[in-house]
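Engineer: give me a 3D structure for the following:
(one chain, ligands or ions: 1)
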Amino acid sequence: MPPIAFINNEFVPIDEARVSIRTNALQYGTGIFEGIRAYWNAQHKQLFVFKMAEHYERLLNNCRVLRLQVGKDVKELCDITLELVRKNEHREDTYIRPLAYISSEGLGPKLIGYETGFAIYTLPLGDYIDTSTGVKVGFSSWRRISDNMIPARCKVTGGYVNSALAKTEALEQGFDEAIFLTQDGFISEGSAMNIFLIRDGKLMTPDRSADILEGITREVLIELGREELGLEVIERPVGRSELYLADEAFLCGTGAQVSPIIEVDRRAIGDGKIGPLTAKIQELYFRVVKAEHPKYQHWCAPVY
Ligand code: PMP
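Structural biologist: Next up is the predicted model:
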């Protein structure tokens, strides 16, 4: 049975979820998307969608910036998502991709006077980038798009050209992932993930003015770091050489999960192995997302 997608208020086989080549969003990148994960808990034979409402809150907020009108509230979007995942009978870790976009076929980049389309598809997904052996990163020659160009704070489809340029450069240089600097030369984030550093036992991450996507995983790890691990967590501008000097570092995101960084620009981070605090944070994160941590089960919505 082919996977089912949701588009134009209908559940249809994925092959029928199509758009015209004249679609405005295809020409101009005028869309807002999300990435949500659901985790299979084998013990409870249950699939849990992690932080689903927060992802849809972000999507609807981002849509205000692009003047998109989804015409549904968070609760309706969550219900549609659960129904779609059930229809696809996923019983494995799953990725959910909602997309709001200018579906009109009008010519010209603008945000008003057009119709909004909304679609969701799902797919099984394991690691997006390595989480077990550690990744090697390099600073990109591409700067992060700044807030007055394309707001990186919002998951604008067109903004991911910036990510694609940086990620491609990184891969071709033999790195696993790119790290962006802002126009001002401070650390921003990876191509599709936020970054944390650990120095002297403190967690540190670029603040919201560093042209980052306001990551839900980032927020989760700030809370878990403070509440469960008793760590001091600092959000502030972070210099490039601070990453060279970090004891530990990791990437985080819905796709990336918690991905330890072991090398930056060919310099080992710490002793070049996965750091002990990073390993602890990762272990805690995986317990929380699989609904194995009683205190945070309300972050995980059961599908079945
Ligand atoms: N930054 C960028 C550019 C991203 O695409 C993502 C993935 N959504 C993240 C950070 C991490 O955000 P989240 O934790 O909400 O998935």
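Engineer: would you list every one of the strands in the stretch 201-304 of the chain?
Structural biologist: In the stretch 201-304 of the chain, the segments counted as strands under DSSP state E, counting those that start in this stretch are 202-205, 233-235, 248-253, 257-264, 267-268, 300-302.
Engineer: so which of those strands comes closest to residue 38?
Structural biologist: Nearest to residue 38, of all those, is strand 300-302, at 8.5 Å by C-beta to C-beta. C-beta: built from backbone N, CA, C; applies to glycine.
Engineer: residues in contact with stretch 178-188: which ones?
Structural biologist: Contacts to stretch 178-188, defined as C-beta atoms under 8 Å, 6 or more residues apart in numbering, come from residues 137-140, 142-144, 146, 152, 162, 166-167, 169-170, 189-191, 195, 206, 210-212, 237-240, 242-243, 264.
Engineer: with stretch 79-86 instead?
Structural biologist: For stretch 79-86, the external contacting residues (C-beta under 8 Å, 6+ apart) are 4-6, 11, 36, 38, 47, 49, 52, 56, 72, 94, 96, 98, 120, 122, 301, 303-304.
Engineer: among those residues, which are in reach of the ligand?
Structural biologist: With the criterion set as C-beta under 6 Å from any ligand atom, no member of the contacts of stretch 79-86 is near the ligand.
Engineer: out of the residues you listed, which end up buried?
Structural biologist: Those of these that meet the buried threshold are 4-6, 36, 38, 47, 49, 52, 56, 72, 94, 96, 98, 120, 122, 301, 303, by 16 or more other C-beta atoms under 10 Å.
Engineer: quick one: the helices in this structure, in order.
Structural biologist: All helices of the chain, identified by DSSP state H, fall at 24-28, 52-65, 74-87, 160-172, 216-227, 240-245, 276-289.
Engineer: rebuild these as TSV, extending it with mean pLDDT and distance to residue 254.
Structural biologist: Converted to TSV, the helices of the chain look like this (pLDDT from 0 to 100; distance: least, C-beta to C-beta, whole Å):
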stretch	mean pLDDT	distance to residue 254
helix 24-28	97	22
helix 52-65	98	8
helix 74-87	98	14
helix 160-172	98	14
helix 216-227	98	6
helix 240-245	98	22
helix 276-289	98	9
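Engineer: which of those helices sits closest to residue 15?
Structural biologist: Proximity to residue 15 (C-beta to C-beta) singles out helix 74-87 among these, at 15.0 Å.
Engineer: where does that closest one sit relative to the chain's centre, distance-wise?
Structural biologist: Here the centre of helix 74-87 is set off from its chain's centre by 19 Å, with C-alpha atoms, centre = their mean, to the nearest Å.
Engineer: mind listing what's buried along that helix?
Structural biologist: Neighbour counts over helix 74-87 (16+ other C-beta under 10 Å) mark 74, 77, 78, 80, 81, 82, 84, 85 as buried.
Engineer: before we move on, what about stretch 112-125?
Structural biologist: Within stretch 112-125, the residues that count as buried by 16+ other C-beta under 10 Å are 114, 116, 117, 118, 119, 120, 121, 122, 125.
Engineer: could you dump it to PDB, C-alpha only?
Structural biologist: Presented in PDB, the C-alpha positions along stretch 112-125 are these (Å, rounded to 0.1, in the frame of the first residue of the first chain):
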ATOM      1  CA  ILE A 112      -0.500  38.900  -0.500                       C
ATOM      2  CA  GLY A 113      -3.400  38.100  -2.800                       C
ATOM      3  CA  TYR A 114      -2.500  34.400  -3.000                       C
ATOM      4  CA  GLU A 115      -3.900  31.100  -1.600                       C
ATOM      5  CA  THR A 116      -2.200  29.000   1.000                       C
ATOM      6  CA  GLY A 117      -1.800  25.300   0.500                       C
ATOM      7  CA  PHE A 118      -1.100  22.900   3.300                       C
ATOM      8  CA  ALA A 119       0.300  19.300   3.100                       C
ATOM      9  CA  ILE A 120       1.800  16.700   5.400                       C
ATOM     10  CA  TYR A 121       3.700  13.500   4.500                       C
ATOM     11  CA  THR A 122       5.400  11.000   6.700                       C
ATOM     12  CA  LEU A 123       8.300   8.600   6.300                       C
ATOM     13  CA  PRO A 124      10.300   6.100   8.500                       C
ATOM     14  CA  LEU A 125      13.500   7.800   9.700                       C
END
